[in-house]
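Q: Just need the structure, nothing else, for what follows:
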Amino acid sequence: MVRHILFWKLRDEVRAADQAEHALEVLSASVQTLRGIEGLRCAEIGRNLAGGPYDLVFYAEFDDMNALEHFRDHPLHVAHRERCAPFVNDRLAGDLNRPD
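A: Residues are numbered from 1 along each chain as shown. Below is the predicted model of the structure:
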């Protein structure tokens, strides 16, 4: 199994307009559209409770690295990235391989 973790920073204009909650609602709904992609076990997004420079955390589990690679170019994921673009502008990513 592979764990895929992203930390996202909201755009300054989203923060300035006090739209963080709206952004999280839109992105949460968008994450739901990813369900059903082959090899994706689970996916979720939420506020970064640890604080720091990143506002949101995206967490997903995949069957293996091949499933993660398939996910990256899947049309549902491409559409999700496009929906995210107006809200976030910086990210930190990490993947962890965990034997089942």
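Q: Can you point out the helix or strand that includes the spatially most central residue of the chain?
A: Residue closest to the mean C-alpha point of the chain, counted by Cα atoms, centre = their mean, is F58 at 3.7 Å. If you go by DSSP states H and E, F58 is part of strand 56-62.
Q: what separates that strand from the chain centre, distance-wise?
A: Put simply, strand 56-62 sits 6 Å off its chain's centre (Cα atoms, centre = their mean, to the nearest Å).
Q: which other helices and strands contact it?
A: With contacts defined as 3 or more Cβ pairs under 8 Å, 6 or more residues apart in numbering; DSSP states H and E, strand 56-62 has these neighbours: strand 2-10, helix 20-32, strand 40-47, helix 65-72. To be clear about C-beta, it is placed using only N, CA and C from the backbone, and glycine gets the same treatment.
Q: just the ones you listed: most buried one?
A: strand 2-10 (a mean of 18; mean count of other Cβ atoms under 10 Å).
Q: Remind me what that one packs against, helices and strands.
A: Short answer (3+ Cβ pairs under 8 Å, 6+ apart): strand 2-10 packs on strand 56-62, helix 65-72, strand 88-97.
Q: Would you mind listing the buried residues in the helix or strand following it?
A: As assigned by DSSP H and E, the chain's next helix or strand after strand 2-10 is helix 12-16. Buried residues in helix 12-16, counted by 16 or more other Cβ atoms under 10 Å: V14.
Q: do the same with stretch 46-55
A: Quick answer for stretch 46-55 (16+ other Cβ under 10 Å): 54-55.
Q: Could you do stretch 88-100 as well?
A: Quick answer for stretch 88-100 (16+ other Cβ under 10 Å): V88.
Q: what mean pLDDT does it have?
A: Per-residue pLDDT over stretch 88-100 has a mean of 90.
Q: Phi, psi for the closest residue to L10 other than its chain neighbours please.
A: Spatially, and ignoring its direct neighbours in sequence, L10 is nearest to D55 (4.6 Å; Cβ to Cβ, 6 or more residues apart in numbering). Note on D55: backbone dihedrals following degrees, to the nearest 10 are phi -90, psi -30.
Q: contacting residues for D55?
A: Contact analysis of D55 by Cβ atoms under 8 Å, 6 or more residues apart in numbering lists 8-10, 20, 47-48.
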